[in-house]
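sharing a sequence plus its predicted fold:
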Amino acid sequence: MAELVFSANDLAQMRFAVSPMWEVGTSFRLLASGSVHPVHRTWAEQVRPRVAAAGLDRGWLAELIPPAGYVADFINPAPAGQAPTLAEELDGILAAPADRIRQDLDRLVDDQGRRGPRLRALHARPRTRLVRVAEEIETYWELALAPYWARIRAVLDADVFYRARQVAERGAGHLFNDLHTSVSWDDNVLRLPRRQHPLSRKTAGAGLLLIPSAFTGPGPLTRVTPPEPPQLAYPARGIGALWEPRPIIRTDALAAVLGRSRTLLLAELESPASTTELARRTGLSAAGVSQYLTALRDAGLVSAHRAGRSVLYARTSVAESLLTATSP
């Protein structure tokens, strides 16, 4: 159990952030662990074959994010705002000093007891090899998270809204004591579990970054790299219903505006799918499906994500709102 003391200045610098890179690291670890919690089984069954087909289960991320233990800190730079994009966080990774990268890799070797060929190459030439790491992160994002991001982001944003209201109505102490059963707050001290090293303000930096996550697992995770504020990633509320099918009872009203075929495709995109799969499921021609999806994408209702030789289409948050609003 580690204890982090708070001053009034630390509380004043406490903030929330939604971080794509935290979702990258925690979701990749979940897939690599070989055992997936039932909550994420639907997602894992769809994503794992894509990740394996792309060779990501034996690439850079596989060495940087082991199934258990320490994860290199430089892949989780402190989010600069409330909701940075993946591109912005990748810029932070690429800006990491070479000495810092080597320090993290040395710690990773101490923790894991071995250094794979990619980590040796990264240690020897961090500036050039880090570009390869960033490219692989982008590939993983497109395969595993981008098609589902509207749904994931809605859960994370709802958690931040709920927590912010807690602070406004009942204070920071209540917020901390409600984050997770293993986290507690008392007498200006935040007590955190599962840390092998002690915490102090001299070693942790000022303030605190609270990051809701869909994939952290059963408990919160921490990252401490001064002078950046310490980061606490915790399981977001609502994860249990993240992948549950959302019933669409009637689409007549929406079909009157978008047309029956386009509305049918939106309804079928409960999970990301390719043009070929959508044509098979709906009975529409592949050419027709492609034409309708292009129109829906231009209208901001679907997004497209490269998955090997195919493209996966997914509903956007705008489409989710439309379907919800038109279903009683």
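That came in fine, so what should we check first? Numbers count the residues shown, from 1 in each chain.

and this protein, what are its domains?
Using automatic domain parsing, the domain ranges for the chain come out as 2-16+152-241, 20-145, 252-325.

contacts only, for Arg48.
Arg48 makes contact with Leu31, according to C-beta atoms under 8 Å, 6 or more residues apart in numbering. For the C-beta atoms, the positions are set from N, CA and C on the backbone; glycine is no exception.

now the phi/psi pair for it, please.
When read as degrees, to the nearest 10, the backbone of Arg48 gives phi -60, psi -40.

and the gap between it and Val36?
8 Å (C-beta to C-beta, to the nearest Å).

just for the stretch 101-250 of the chain, where's the confidence low?
193-198, 247-250 (pLDDT under 70).

swap the cut-off to 50 and go again
For the stretch 101-250 of the chain, no stretch is flagged by pLDDT under 50.

where do the strands sit along it?
In the stretch 101-250 of the chain, the strands defined using DSSP state E, counting those that start in this stretch lie at 184-186, 189-192, 209-213, 221-223, 231-235.

and the last one, how far out from the chain middle?
On the basis of C-alpha atoms, centre = their mean, to the nearest Å, strand 231-235 sits 12 Å off its chain's mean C-alpha point.

against which helices or strands is that strand packed?
strand 209-213, strand 221-223 (3 or more C-beta pairs under 8 Å, 6 or more residues apart in numbering; DSSP states H and E).

by how many degrees do it and strand 209-213 diverge?
30 degrees (axes from the mean of the first three to the mean of the last three C-alpha atoms, to 10 degrees).

next helix or strand past strand 231-235?
helix 252-258 (DSSP states H and E).

what residues does that next one touch?
By C-beta under 8 Å, 6+ apart, helix 252-258 touches Thr263, Leu264, Leu266, Leu296, Leu322, Leu323, Thr326.

and the residues you listed, which of them are in strands?
Using DSSP state E, no member of those falls in strands.

mind putting these in TSV, neighbour count included?
Output for the contacts of helix 252-258, formatted as TSV (neighbours: other C-beta atoms under 10 Å):
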residue	neighbour count
Thr263	23
Leu264	20
Leu266	26
Leu296	23
Leu322	20
Leu323	21
Thr326	18
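
among those, which two are most distant?
Across these, the longest distance by C-beta to C-beta is 15.3 Å; it joins Leu296 and Thr326.

returning to what we had before: for the contacts of helix 252-258, which one is nearest Trp243?
Leu323 (16.6 Å).

quick check: that closest one vs Ala253, distance?
10 Å.

for Gly300, same thing?
From Gly300 to Ala253 the distance is 19 Å (C-beta to C-beta).

could you do Thr324 as well?
Distance from Thr324 to Ala253, by C-beta to C-beta: 12 Å.

neighbour count winner among those two?
Ala253 (14 against 10; other C-beta atoms under 10 Å).

test my guess that His37 contacts Phe215.
No. His37 lies out of contact with Phe215 (C-beta atoms under 8 Å); the separation is 9.4 Å.

need the residues touching each of the two.
Leu30.

these two: which has the busier surroundings?
Phe215 (25 against 14).

check contacts around that one.
Contacts of Phe215 by C-beta under 8 Å, 6+ apart are Glu23, Thr26, Ser27, Arg29, Leu30, His40.

which of those residues fall within helices?
Glu23, Thr26, Ser27, Arg29, Leu30 (DSSP state H).

what is the burial count for the first one?
To tie it back to what came earlier, the one meant is Glu23. Glu23 has 26 nearby residues by other C-beta under 10 Å.

measure it to Gly59 for me?
Glu23 is 18 Å from Gly59, by C-beta to C-beta.

re earlier: mean neighbour count, the strands of the stretch 101-250 of the chain: which tops it?
Stretch with highest mean neighbour count among these: strand 209-213 (a mean of 24; mean count of other C-beta atoms under 10 Å).
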